[in-house]
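Peer 1: with the sequence up front, the predicted model follows.
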Amino acid sequence: MPMLPSVYYGTSIDQKTKSVLQSGSYYSTIYAYVNSPDNAHLMPQSNHLLQSSSLQFNPNLDYELVFLRYDGMNRNTPDSMIIKISKLDQDSQVILDFKKGNFTLKKMKLFENIKTNVDPDFRSIEKIDFKNTLKLDSTANFKNGKKKAKYYIVSENYPLYYVQEFDSVNPGSYSQDFRLLQNYNSPVAMIRQPVWANLESTKYGYWEYFENDKRIKHELWASVRQQKFEWYPSGRLKSETFLGQANKPMTYKYYLENGDLKEEFQTQSATQKSSIKTYKYSIQGALILINTYNSSNGITKQGLRKREIFYPSGKLKMEENYGGTYTIKYYNEDGTERVN
């Protein structure tokens, strides 16, 4: 699963110990730090298509990559995994199975070099489904007898379950990840979460959604949905959404199947203004028009704010502003303003 860039990275970038990545849910969280005198930008990034994360290192410097894992409610004594990195003169990938102790990157079992600027290929390494290592607790069924959900025990002493939820008709369509369920199958519990009821507020971690056994979407949850990613059947990214409070979108982007941006919603925290931008392309694939609309919710377009027309070369040809005082400007292809 991808780790998100740390919310503390910006304040630690110039320190010897830099907070770079973080991941996890209510019960189990992992934080990654880098120990190094390197003051360059380490570029912590998440790749949600590959469900991975990346960092950028200087091949002439040594680093320590430190992972701290907190399980359960005890936040004082985390488990630690320290990976020593030196002379990393080639792009590489590694699958990390968290283990306590000290390790050397190039000696790790699932480490391999890859070509420069090539995406990792984790599919080349055999993967064991997480649920295969867990104990099945119970199974729920629909009235038609089809499977509704399977519940796997994550911890004997904590109400976190790994759950698979199935479609009532097609068992090849399902979703899976963690749910925090308090006494979900106890008939005498004061707070009862029945096995057949699935409240969204119990979701944690990366929920994956499959259609005919092919992953089409995943979402990041921490009792509320924080991020959502969808793909075309071809595997190309279809949309990415980042959500704020009350499950409202803060930003989203929709893509055409060729990778071109189709629409995006943006909010400006400084001005509290938000807008939807739509992109139009020629038959040849060149950007020809961007329309910018006011929008308070990321769904409805509430009046045109700006219109931009482009030359076939991609240079701005005309800009028309509707916000406040109406203005219109024309440009030559060299970028200079054209006076009519």
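Peer 2: That came in fine, so what should we check first?

Peer 1: make it CA atoms for all contacts and neighbour counts henceforth
Peer 2: Will do.

Peer 1: what's the residue nearest the centre of the chain sitting at in phi/psi?
Peer 2: In the chain, the C-alpha nearest the mean C-alpha coordinate belongs to His48, at 4.9 Å (C-alpha atoms, centre = their mean). When read as degrees, to the nearest 10, the backbone of His48 gives phi -80, psi -20.

Peer 1: now do the contacts for it.
Peer 2: For His48, the contacting residues are 2, 229, taking C-alpha atoms under 8 Å, 6 or more residues apart in numbering as the criterion.

Peer 1: try 7 Å this time
Peer 2: By C-alpha atoms under 7 Å, 6 or more residues apart in numbering, the residues touching His48 are Pro2.

Peer 1: if I look at it, how far off is Asp119?
Peer 2: Distance, His48 to Asp119, by C-alpha to C-alpha, to the nearest Å: 12 Å.

Peer 1: for Glu240, same thing?
Peer 2: Going from Glu240 to Asp119 by C-alpha to C-alpha gives 19 Å.

Peer 1: and these two? Which one has more around it.
Peer 2: Glu240 (20 against 13; other C-alpha atoms under 10 Å).

Peer 1: pretty sure the more buried one is touching Lys253, no?
Peer 2: Yes - shown here, Glu240 and Lys253 form a contact pair, counting by C-alpha atoms under 7 Å, at 5.4 Å.

Peer 1: can you give me the neighbour number for Ser201?
Peer 2: 14.

Peer 1: quick check: the nearest residue to Ala286 once chain neighbours are set aside vs Ile83, distance?
Peer 2: Distance criterion C-alpha to C-alpha, 6 or more residues apart in numbering; nearest residue to Ala286, sequence neighbours excluded, is Pro312 at 6.1 Å. Distance, Pro312 to Ile83, by C-alpha to C-alpha: 50 Å.

Peer 1: now do Leu110
Peer 2: Applying C-alpha to C-alpha, the value for Leu110 to Ile83 is 13 Å.

Peer 1: counting neighbours, go ahead and name the busier of these two.
Peer 2: Set side by side, Leu110 and Ile83 show more neighbours around Ile83, with 17 against 14, by other C-alpha under 10 Å.

Peer 1: what comes up buried for the helix or strand that one falls within?
Peer 2: Secondary structure assignment for Ile83, by DSSP states H and E: strand 79-85. For strand 79-85, the neighbour count (16 or more other C-alpha atoms under 10 Å) marks 80-85 as buried.

Peer 1: correct me, but Thr17 touches Pro37?
Peer 2: No - Thr17 is beyond contact range of Pro37, at 8.2 Å (criterion: C-alpha under 7 Å).

Peer 1: out of those two, which sits in the busier spot?
Peer 2: Applying other C-alpha under 10 Å to Thr17 and Pro37 shows that Thr17 carries more neighbours, namely 18 against 14.

Peer 1: state the distance from the more buried one to Leu65.
Peer 2: Relative to Leu65, and taking C-alpha to C-alpha, Thr17 is found at 10 Å.

Peer 1: next one: Tyr254
Peer 2: In terms of C-alpha to C-alpha, Tyr254 sits 35 Å off from Leu65.

Peer 1: likewise Glu219?
Peer 2: The gap separating Glu219 from Leu65 is 27 Å, by C-alpha to C-alpha.
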